[in-house]
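Engineer: based on what follows, work out the 3D shape:
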Amino acid sequence: MAMYVNNRNLALLLYKCCLLLVISALFNIEPPSLSPSGVSLSSRTLLGAEDAAKWYRFGNNKSAQEKYEEAIEYYNKAIAADPGFAHAWNNKGNVLSILKRYDEALECFGKVLEINPDDTHALSGRANVLTQLNRHDEALESINKALAIDPKHAYIWFNKANILVKVDRPDEALKAFDKAIDVNPGFVNAILGKASVLTALKKHYEALECYDMAIEIAGPEVIAAFYEKATLLNDLGRYEEALGHYDMVTQLEPEFADAWHEKVHILKKLGRDEEAQECLKEYREVSSNRH
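Structural biologist: You can find the predicted model right below:
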């Protein structure tokens with residue numbers, strides 16, 4: 001039997017995955033000039049600005065390497081050199097969010113918004129944290145403010161969609177995913193997010209179209225599309241097609257244990273017991289390597 005995930009667990013899984021994507025995207029902000037908005041040069045020394053920019057770049061590098069504690073140290077140095085450095089406060093908030101230090105993250109985003117109340121990155125990051133704290137009304141208020149300022153920002157629409165998934169408002173989530181895709185038609189994760197919601201709503205054929213679209217855009221780089229499409233095909237009883245997609249997953253990612261497990265079940269349904277036993281061996285080996 002294919003793996004089944006109930007709507008609530010699907011929503012939580014999708015939200016957690018997408019949250020990491022949104023946060024990682026925010027670290028790709030271009031390095032600021034030596035005079036960020038909201039801070040005049042007269043309030044800072046040139047040496048302090050240069051030091052702050054240097055520490056900020058080091059922090060971003062550590063963030064990209066997932067060395068988050070080290071990243072925080074560098075962001076702290078940047079902030080010490082320039083307390084009005086909004087980008088450093090913002091990215092420190094993003095890292096603290098990843099580390100689930102939500103109260104500290106909120107303080108950082110609050111500092112950014114003191115400097116610039118219309119900073120869409122901080123409003124979006126703040127919305128993520130408020131959602132994790134189950135303060136959903138405040139989260140939506142924050143993300144809606146960001147969109148009122150910048151309605152052409154695909155990642156903010158994507159962020160809103162995932163908040164709506166988390167609070168079990170799938171129809172509104174679909175509209176937000178569509179907005180993200182309208183702004184950026186190649187936004188694969190928004191397409192996958194939409195597909196997952198459509199699957200939960202049992203709009204299977206629309207979901208399959210989304211998976212096909214994601215695969216056409218990203219191909220082998222988007223293993224999740226092959227896996228999720230295979231699971232849906234399996235649920236629909238289209239076993240040969242499902243098997244072909246699970247095969248693609250195990251070729252691209254041989255350590256993907258769940259894909260091997262699902263192949264075992266499908267092969268048994270198709271009466272291909274010898275192949276099923278081979279897949280079972282692979283599944284057990286891969287599973288043992290994870291412990």
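
Engineer: so which residues of the stretch 151-291 of the chain form strands?
Structural biologist: Along the stretch 151-291 of the chain, no stretch is classed among the strands by DSSP state E, counting those that start in this stretch.

Engineer: show me how far whichever strand or helix holds Asn61 is from its chain's centre.
Structural biologist: Per DSSP states H and E, Asn61 falls inside helix 46-64. The offset between the C-alpha centroid of helix 46-64 and the centroid of the whole chain comes to 25 Å, using CA atoms, centre = their mean, to the nearest Å.

Engineer: could you do stretch 190-205 as well?
Structural biologist: Per CA atoms, centre = their mean, the centroid offset for stretch 190-205 relative to its chain is 16 Å.

Engineer: next one: stretch 239-257
Structural biologist: How far stretch 239-257 lies from its chain's middle: 23 Å, per CA atoms, centre = their mean.

Engineer: equivalent analysis for stretch 103-116, please.
Structural biologist: In terms of CA atoms, centre = their mean, the centre of stretch 103-116 is found 21 Å from the chain centre.

Engineer: what comes up buried for it?
Structural biologist: With burial defined by 16 or more other CB atoms under 10 Å, the residues of stretch 103-116 counted as buried are Glu104, Ala105, Leu106, Cys108, Phe109, Lys111, Val112, Leu113, Ile115, Asn116. Bear in mind the C-beta positions are built from the backbone N, C-alpha and C, glycine included.

Engineer: tell me which of the residues you listed is nearest to Gly125?
Structural biologist: Phe109 (5.2 Å; CB to CB).

Engineer: the helix holding Asn61 packs against which elements?
Structural biologist: Other helices and strands packing on helix 46-64, by 3 or more CB pairs under 8 Å, 6 or more residues apart in numbering; DSSP states H and E, are helix 68-81, helix 86-98.

Engineer: out of the ones you listed, which one sits most buried?
Structural biologist: The densest packing among these, expressed as mean neighbour count by mean count of other CB atoms under 10 Å, is seen in helix 86-98 with a mean of 26.

Engineer: on that earlier part again, so of the buried residues of stretch 103-116, which ones are in helices?
Structural biologist: Glu104, Ala105, Leu106, Cys108, Phe109, Lys111, Val112, Leu113, Ile115 (DSSP state H).

Engineer: what's the farthest-apart pair in these?
Structural biologist: The largest separation in these, counting by CB to CB, is between Glu104 and Ile115 at 17.5 Å.

Engineer: wait, Glu262 touches Asp247, no?
Structural biologist: No: taking contact to mean CB atoms under 8 Å, the distance of 10.7 Å between Glu262 and Asp247 leaves them out of contact.
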